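**Student:** Pasted the sequence and its predicted model underneath.
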Amino acid sequence: MARKLKTYQTSLGFFDLAIAAPSMKAALEAWGADSNLFHQGAAKESDDPDVIAAAMAKPGVVLRRPVGTDRPFSEHAELPTDLGGGRPTKAARKLKGPKAKQPSSRPVDQAAERKAALAFEKEQKRRQLEQAKEETARQKDRERRQQAIDEAQATLDKAEQEHAKRAAAIQAELEALEKRSQVEKARWHKEKEQLEATLWRARG
């Protein structure tokens, strides 16, 4: 069952923001706020019938207008042209405590509220599906990169093993040659002594 939507309002940067959402948490997430603006007094549930009507017409969509103005909220608002000293400070822009609610000139339309709530859920599901698709694409990209890394590492490991085998074979050959060299030196030393002795006797 679709949850009943409420209209929430805050000010961030150069804009006032409004959204129709089922909870304060959902509103903060849609605004991209990294702190609880409601606890800070910088956000509130709106009781302005015009703001409520605009937000309910586009549930789940962040509407905006230049801060400190009475312009209608819209999905795409232009920056204020006058950024001089008359612009309220951040502290001044903090929304005050709850004002006495004015009676709405618009009758409560239960069917419209249900329609807005269903539209909000539809928008939320669309966003979640889009995020899931993006995460799936990122996961596939990570897997492709990891596969390339694994293949490159396997190729390197194999080449290192081949090098180690060849180096070991060369080292064995060197050791065998060294051993043959030592044997040849010993044989020559013995033979030389015998030949020199024969030469010495012949001269004597």
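**Tutor:** Great, that's in hand.
**Student:** make it CA atoms for all contacts and neighbour counts henceforth
**Tutor:** Noted.
**Student:** From the structure, what's the count of residues near Lys192?
**Tutor:** Using other C-alpha atoms under 10 Å, Lys192 has 12 other residues around it.
**Student:** In terms of helices and strands, where is it?
**Tutor:** Assigning secondary structure by DSSP states H and E places Lys192 in helix 110-203.
**Student:** Which strands or helices does that helix pack on?
**Tutor:** With contacts defined as 3 or more C-alpha pairs under 8 Å, 6 or more residues apart in numbering; DSSP states H and E, the packing partners of helix 110-203 are helix 49-57.
**Student:** Quick one: distance of the helix or strand just after the helix it packs on to the chain centre.
**Tutor:** Next along the chain after helix 49-57, taking DSSP H and E as the criterion, comes strand 63-66. Going by C-alpha atoms, centre = their mean, to the nearest Å, the spacing between the C-alpha centre of strand 63-66 and its chain's C-alpha centre is 28 Å.
**Student:** For strand 63-66, the averaged confidence score.
**Tutor:** Across strand 63-66, the average pLDDT comes to 91.
**Student:** Which strands and helices lie in contact with it?
**Tutor:** Contact analysis of strand 63-66 by 3+ C-alpha pairs under 8 Å, 6+ apart lists strand 15-21 as its packing neighbours.
**Student:** List the buried residues of the strand it packs on.
**Tutor:** Within strand 15-21, the residues that count as buried by 16 or more other C-alpha atoms under 10 Å are 15-21.
**Student:** Can I get the residues you listed in CSV including pLDDT?
**Tutor:** Below are those laid out as CSV (pLDDT from 0 to 100):
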residue, pLDDT
Phe15, 90
Asp16, 92
Leu17, 93
Ala18, 93
Ile19, 94
Ala20, 93
Ala21, 92
